[in-house]
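Chemist: return a 3D structure for these sequence lines:
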Amino acid sequence: MDEISQTLQGSLSADPNARRCDRYARPVINTRVTETGLALASLTVNQQADPTIRQAAGVVLRKYVTEHWSPYFSQFKGSAPSAEIKVQIRHTIFQGLSDPNRKIRTAAAYIVSTVAHSDWPDEYPDLLDNLVAALAVSPDAVHGSLQVFTEFMKNDLTEDQLMPVLRQLMPALLNILGQPQLHSAATRARTVVVFRQCVVSLIMLKEQYPDATKEASSNVLPVWLDAFKVLLEVDPRLDVADASNWDGLSLKIQIFKSLNTIVGSFPKTLEPHLHAFINAATTHLVSLAPLYATYYLSADGPSPPVSEEDPEGITIPALVAPLLDFLSNLVRKGRLAEWIARPENVQALVGSVVSWAQITTEEEGKWEDSPNTFVAEDDDDANADNLRAAAFELISHLVDSVAAPTVAALNVATTSIVAESNAAKQAGSAIWWKHLEALLAVLGAAADELYEHKDAFDFGRLFNDVIPALLSLPDTPFLSGRAFVFASRLTQALPSNLSTQYLTAAADVLEGGGGVVIKISAVKAIRNFCDKIKDPAVVALAPRLVKNLGPFLAASEDTLSLVVETLVTVLSLENGSWLTPDLTAMLSNALLDVWAKNVKDPILLSVLEDAFIALAKAQYQAALTSSLSRLCATLVEARVEESWVASSALQLVIALLQGAPAEGGLGDGVFAQLAPGLFGALERIDDRDVLQNGIVCLTQVVRKDCAQVLAYPDGLQLVLRLIARTLAPVDSESGGMFVGDLILSLLRRAGPALLPNMPELLNALLNRLPTAKTPTFIQSLILPFAYLIYTQRDAVLEMLETSRLADGRSGLQVLLEAWCENGETFIGFKATRLSNLALSSLFASERPSLQSLAVKGDLIVKPETSNDLLGPGAKGFEDDDFAADNDDDDFRDDPIASIDMKARLCPLAHDKSLPLFRCSSLQEHLISFLKECAARNTNNFAAVVDQLKVEEAVVVRAAISS
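Modeler: Numbers count the residues shown, from 1 in each chain. As a prediction, this is how the structure comes out:
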């Protein structure tokens, strides 16, 4: 042990030479793994040793356990100690749970809980008894044991493990919770943490073990809820009466977090205590509000105390956030219906909640220093984990549940807060603006709901008397910015001329010299205004807005995403008809610069794609000329180890091609310019995303200008080689999930040029089907056959019937087995429609080869979808909806449908009697199909229906008789 102590001492030395010597000494420890574990445990609990050495020993012992204790741990490296040594180590380190040194207790608790994950209960059966016994020894032992339970209960427990824990542990924890004279508030709070983790484990077992869950919810939860009720009745001001110690808040923080957990899964158990908890919550909101203002809102106020137990978590906001979440959950789940049915309750709650949405001094400093943090956290649509977000959510749920009284309460609060803010400003208060800003933030978060009840809210007073005066206050940028954002969220409540004036004012802010807060708020406002206003005057401002946003493209992360999102919104005004070639080129180059600097940011890349689509739709040639050569060069130069560069470049190329006009193709020489870099990257870089994006890129080219592919030297062969590679069994299925779209486009666009390769292509699809695993890839393999069956049914069936796979099955059998087993999982309305129509055509063909096949499958018409077979998307279906994109021609003009395939596939010509189902919806077609089959008794239809399950037959007969 002395040698280990010296080695640890060296690792902590300030002398670099000593640390260097220590590096040579460590192998000595590593070669004596068995002795090392026990020596480290003994050193950790040795109260005579240097505390820093003991802590270091605990750290090393934690590493020892994960690497040498058991194969249970993923980091296990072998050389596990014997069972006897393990017993000694467990016994030794357990003593550290009652050590007077808090840091040693924490280290020991982590080690014991880690060991427990692998050893309990089989190799460590007395752990639970020992921990429960330690809860009655001393405050130090209680603290250490609770830390073990806190860590240990984070893992999922089985029913056999959880129920003994509940029976033995809960009474002991409840006893500690009820002894404030013996245990600190932080220790008592930890009992609630362990209780909550037990409840979470119970929820996980609820469906699998309903009896055990019922026992626990009946016997354990009510006792704890009674205790919570008593504890919450204590005046919250007593918890913060000592300005140097607010640890009393920790207990209530954990209680409200636990109530949040219970309300979702055990609402009936909570019901008898509900009113008491609601009253306690509202009392806490009112009682703590003055202290919140003193400690958190005023720049010259005192600083809240920092807890030794939890330096960051024991604060007033940390209490109120879960409290508001609890109320939100009650409102959302309808458990607060009786209470909020009284308007006076809603009015008091709304007024209180708005006051808790005020910006804290800490948030002011953080947001001013970090624009990205401001963008991420101060968005009323953001999923931020803070007090403001909790306030927004509660108000939103109140508006959804009881709109009229909530809107009325917001109207009353508006009158009161505007008057109060004016008075505070006149009195010289430095924070006069915060309550008003919080009000506007809350109203903006519920903007849509407010407008639905516009008759009950006085928008005129706000927009005429309040908002205009707030837009240019240099000393309160948060309030001015909020005024802009609020107005932009409620453009529908503004006269169009006033909306344009606000938008112009936002543009003026970007051109002015204000700080980052007001400028970011102006950008948000521009985004919202341009998204909602349909006024020609706004379109006239578009070029100016684009130029004003340009300098902000030098931003980063969240701010940059916001700026690009705003640009996309501006570009959508009148589909960018106001864009000039020069402005398009300038924007394209600027956005490519942004992309080059942030090439690994997937969120930003998604927004950039939207921007390039918008630019290409408005000024295709200018966008293409200024962007394609640079993207092609990137594809040529992309390194194998930086696959994301090529992948993202392909995504932007796809965006440009998507914006290409429906008529006129891609423009001269586009594919010739793109092909070397595209095929080179696909050949050179073995990456799933590169392959997927390359396939999608080629699909766009084939759809929009297949002639360029056919004219390029070996262009079609290069595409077919890529398809062959994708279909190879050794290749990743995820990489080829879009290959079906490419093949469909080739079938429809390549025409006679594809015929020499058709048998080989179809056989490749058939041979890949038996080994395909993922549903999306299987769909990709089947849809080309579905298309061909729809357009060339008999010719394709002849080919499928005569083809044989290595296992002796016919191509038809392989296709239909895969199709019927996976057809229900097809993704996308068009894929589902094409599949169902092709299957209907197969059934109507009455070919003998189909009679002898037995396949797995599900009924197309189901009870739950009998009124709308394919959901809303089935309505308004036309033949051209089969197309992979909306601008494709009708199937009657499809190139493949006019080709006589008999020379290549079979002696039968295209079945000219095959109907092109021009129904108003696929639902109508399927019902019509079933009726016709019944009338003609197609394929002995009556007998087939008799073989169905009763519920299935009922649906079919209902469709026939409809």
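Chemist: ok, how many other residues are close to Gln717?
Modeler: With neighbours defined by other CB atoms under 10 Å, the count for Gln717 comes to 11. C-beta coordinates here come from the backbone N, C-alpha and C atoms, glycine included.
Chemist: low-confidence ranges, this structure, go.
Modeler: Within the chain, the stretches with pLDDT under 70 are 1-3, 6, 9-34, 154-159, 311-312, 380-384, 731, 854-921.
Chemist: so where's the longest helix in it?
Modeler: helix 775-802 (DSSP state H).
Chemist: where do the strands of the stretch 801-950 of the chain begin and end?
Modeler: Ranges of strands within the stretch 801-950 of the chain: none, based on DSSP state E, counting those that start in this stretch.
Chemist: all the helices of it, residue numbers only.
Modeler: Here the stretch 801-950 of the chain has its helices, by DSSP state H, counting those that start in this stretch, at 811-822, 829-845, 848-851, 922-936, 941-946, 950-961.
Chemist: so for Glu609, which of these sits nearest?
Modeler: Smallest distance to Glu609 across these (CB to CB): 21.4 Å, for helix 829-845.
Chemist: can you give me the angle that closest one makes with helix 775-802?
Modeler: 20 degrees (axes from the mean of the first three to the mean of the last three CA atoms, to 10 degrees).
Chemist: just want the angle from helix 829-845 to helix 811-822.
Modeler: Using the same axes, to 10 degrees: helix 829-845 against helix 811-822 is 130 degrees.
Chemist: which residues touch whatever helix or strand Thr406 lives in?
Modeler: Assessed by DSSP states H and E, Thr406 sits inside helix 403-426. By CB atoms under 8 Å, 6 or more residues apart in numbering, the residues outside helix 403-426 that reach it are 340, 343, 346-347, 349-351, 354, 395, 398-399, 431-433, 435-436, 439, 442-443, 446, 449-450, 452-453, 456-458, 461-462, 466.
Chemist: pretty sure Leu394 is in contact with Asn329, am I right?
Modeler: No. Look at Leu394 against Asn329 with CB atoms under 8 Å: they stay out of range, at 9.6 Å.
Chemist: which of these two has more neighbours?
Modeler: Neighbours were counted for Leu394 and for Asn329 using other CB under 10 Å; Leu394 has more, 26 against 21.
Chemist: ok, the more buried one to Val354 distance?
Modeler: To Val354, Leu394 is 10 Å away according to CB to CB, to the nearest Å.
Chemist: could you do Leu747 as well?
Modeler: Counting by CB to CB - Leu747 and Val354 are separated by 61 Å.
Chemist: please say which of those two ends up with more neighbours.
Modeler: Higher neighbour count among Leu747 and Val354: Val354, with 25 against 22, using other CB under 10 Å.
Chemist: wouldn't the more buried one be in contact with Ala391 here?
Modeler: Yes. The criterion here is CB under 8 Å, and Val354 meets it with Ala391 at 7.2 Å.
Chemist: who touches both of these two?
Modeler: In contact with both Val354 and Ala391: Ala438, Val442, using CB under 8 Å, 6+ apart.
Chemist: hey, where'd the helices end up in the stretch 501-650 of the chain?
Modeler: 516-532, 536-549, 557-571, 581-597, 602-618, 620-637, 643-658.
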